[in-house]
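**Student:** this one's structure only:
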């Protein structure tokens, strides 16, 4: 026993130094790899002063990009919200064959490259695509137009809401809903009075992540957009155009708007996790 | 079927299936259909083109390395965030998700600003002959950035529930800290670590926005597969673009399948 006690102090000393080393490594990495790029966005945006920064943001093309980005997100997010609710209801309240396959299919867009996500719609609706000739004959434009941007965005953000809801609704079970039904509530009443209040924070959480990705998506949208200024340029695409024209202050100024959106998303997300952590629980590992 | 008390089965499942069919399956079918137009011989010609082969080597090679780096760094960061208490811990914890939230194009130009030869970090590395931007190293840095949150976020919940008693038992039986970690903790974490690794890998392979700015896109040297697809599209080579896309999807699914097999094996190893 005495030997064990005597052996303690040196080990705890090395333990403390290992602890310190790991802490320095982790914090160092977070600062160097995450904080520094974020700081670079704002510093580069303000390189030529606040006047140049505001002038870059006040440019009509920047405003057109902001409007288009909001429009695309305002269509895509509700579509995927509705899908997420339907998929989660079917998958967690009923048993059927092929459920695992359906789950894998919902997750599929996460493992498809954004560029391929855009490409598939070009191949379907583009001039050379399956439906291209029919669309041209009816004077409908999907690729290089807003519908294409929406479709590509819907594809890349499809899993977000469903992935938050499915594990939670699975964990909650359907006893409360069944009780409401036996007490005489209609299906819709049960859904709006029981199901929705039970999942509201997880739903908000999914919508938050879905919206951040929808507004920030670059690869998929870039393929279907055609980069028509003022017409099919979303904010991330506008950043690229300005950057490739060596208008660095302009590019970083527009980028700083997106960075602020990212920070806002992170802040709201953390707030939800801290305050309603238990109601978000049973969450699968978060992705993307 | 007692669960059928609740209504809406047909409606919700039907809607979900129709939505998935239209948004996911039909367009992916168009991809495979278009790619199959060039035939087996066409595929072989494509992948044996030096430029295409080089792009595949870079995309998958750099993605694998980035996922390995993220597995190690992610484990350290997750450990520190779960086990240690220090000022600003919550802030750093929230910061981990930055690569998820920051649009990739923004990350791309920010990383380029840092690592360009005259950039914040680039001009410190320049005297040592280390070039990051416009080289494969730049591609790697961008991939590490976008894949970073996956390993941390998959490990954290498991680390939180990890039983302290197991570690204490190992220590009281005379194991050193390192032995406890290597023989007790790591085997328990391995399946989860592999999940995070796979997610980071899948994201890095397909990544486009944050890579193209810092890569410089020199053919044979720093050109990634997604960029190849974009270039083929710009030249109106739709079948070629589709074929490269199908090859990339097939390769990454094969890798993910391999990892899930490894995972099954590591589960058994952990339970042993």
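**Tutor:** That came in fine, so what should we check first? This is a predicted model, so every value here is computed, not measured.
**Student:** next, the contact list for residue 212, please.
**Tutor:** You didn't say which chain, so I picked chain A. A:261-262, A:265, B:100-101 (C-beta atoms under 8 Å, 6 or more residues apart in numbering or on different chains). In short, each C-beta sits where N, CA and C put it, glycine included.
**Student:** switch to chain B, that's the one I care about
**Tutor:** B:108, B:224, B:227.
**Student:** tell me which entries of these lie within strands.
**Tutor:** Residues of these located in strands (DSSP state E): none.
**Student:** where does the chain dip in pLDDT?
**Tutor:** In the absence of a named chain, this looks at chain A. A:1-11, A:281-288 (pLDDT under 70).
**Student:** ah, I was thinking of chain B
**Tutor:** B:1-4, B:270-272.
**Student:** hang on, the earlier thing: quick one: which two of the contacts of residue A:212 are the most distant?
**Tutor:** Using C-beta to C-beta, the contacts of residue A:212 span at most 12.5 Å, a distance reached by A:261 and B:100.
**Student:** neighbour count: these two, which is higher?
**Tutor:** Higher neighbour count among residue A:261 and residue B:100: residue B:100, with 23 against 20, using other C-beta atoms under 10 Å in any protein chain shown.
**Student:** same for the host helix or strand of the more buried one, what does it pack against?
**Tutor:** Using DSSP states H and E, the element containing residue B:100 is helix B:98-101. Under the contact criterion of 3 or more C-beta pairs under 8 Å, 6 or more residues apart in numbering or on different chains; DSSP states H and E, helix B:98-101 touches helix A:196-216, helix A:248-280, helix B:136-161.
**Student:** any chance of these in JSON lines, plus distance to residue A:12?
**Tutor:** Shown next, in JSON lines, are these (distance: least, C-beta to C-beta, whole Å):
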{"stretch": "helix A:196-216", "distance to residue A:12": "41"}
{"stretch": "helix A:248-280", "distance to residue A:12": "33"}
{"stretch": "helix B:136-161", "distance to residue A:12": "22"}
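**Student:** who wins for proximity to residue B:267 among these?
**Tutor:** Using C-beta to C-beta, the nearest of those to residue B:267 is helix B:136-161, at 12.7 Å.
**Student:** any idea which of the helices and strands packed on helix B:98-101 is most buried?
**Tutor:** Among those, the stretch with the highest mean neighbour count (mean count of other C-beta atoms under 10 Å in any protein chain shown) is helix B:136-161, at a mean of 23.
**Student:** what element comes up after it heading to the C-terminus?
**Tutor:** helix B:164-172.
**Student:** and that next one, what does it pack against?
**Tutor:** Counting by 3+ C-beta pairs under 8 Å, 6+ apart, helix B:164-172 packs on no helix or strand.
**Student:** quick check, residue A:37 in contact with residue B:114.
**Tutor:** Yes: if you go by C-beta atoms under 8 Å, residue A:37 and residue B:114 touch, sitting 6.1 Å apart.
**Student:** coming back round to it: residue B:213: which of the helices and strands packed on helix B:98-101 is closest?
**Tutor:** helix B:136-161 (8.1 Å).
**Student:** do the closest one and chain A come into contact?
**Tutor:** Yes: interface with chain A: helix B:136-161 contributes B:144-145, B:148, B:150, B:153-154, B:157 (C-beta under 8 Å from any C-beta of the partner chain).
**Student:** is any residue of the one helix or strand residue B:253 maps to near chain A?
**Tutor:** Following DSSP H and E, one finds residue B:253 within helix B:238-271. Yes: counting by C-beta under 8 Å from any C-beta, chain A is contacted by helix B:238-271 at B:238, B:241-242, B:245, B:248-249, B:252-253, B:256.
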